[in-house]
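Engineer: Could you work out the structure for the sequence below:
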Amino acid sequence: MSVRVFRILLALLAFIFFAIFCAIVVPPLLQNPDVLGAFAAGFVNPYSSGYSADVIVCWFILAVWVVFEAQRFSVRGGLYCLLLGLVPGVAVGLAAYLFIRSRQIVESASNA
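Structural biologist: Numbers count the residues shown, from 1 in each chain. This next block holds a predicted model:
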């Protein structure tokens with residue numbers, strides 16, 4: 001897979017998730033702007049609790065990865081991706097981080 005195709009797929013998947021997230025979450029949140037209640041609704045049954053726990057742990061794994069690569073390989077911009085991982089979600093934050101990371105890797109490889 002070329003770098004161009006990789007980046008296009010990342011952007012496309014992040015956009016698709018963002019559109020789905022907005023279509024599902026924004027209308028009820030506009031009717032009842034209780035953000036904590038909306039967060040707690042992710043834990044209404046064992047199945048949604050499992051998915052919610054998975055997403056939360058994935059965000060922490062992404063955070064560990066971002067901090068590690070910032071210190072070890074000087075990858076910049078990861079903290080913005082962690083914020084994107086909170087809203088709208090880890091899918092967008094991870095895609096953004098991989099996009100940023102791939103650009104910096106390609107740039108550093110071409111400078112070497």
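Engineer: Determine the three-state secondary structure at the residue nearest to Phe21 when sequence neighbours are not counted.
Structural biologist: Computed as Cβ to Cβ, 6 or more residues apart in numbering, the closest residue to Phe21 that is not its neighbour in sequence is Pro88, at 4.6 Å. For glycine as for every other residue, the C-beta is placed from the backbone atoms N, C-alpha and C. Assigned by DSSP: H, G, I helix; E, B strand; the rest coil, the conformation of Pro88 is coil.
Engineer: Give me the pLDDT for Pro88.
Structural biologist: Looking at Pro88, its pLDDT reads 92.
Engineer: how deep is it tucked in, by neighbour count?
Structural biologist: Residues within reach of Pro88, counting by other Cβ atoms under 10 Å, total 18.
Engineer: and it, what does it touch?
Structural biologist: 17-18, 21-22 (Cβ atoms under 8 Å, 6 or more residues apart in numbering).
Engineer: List phi and psi for it.
Structural biologist: The main-chain torsion angles of Pro88 are listed as degrees, to the nearest 10 and equal phi -90, psi -20.
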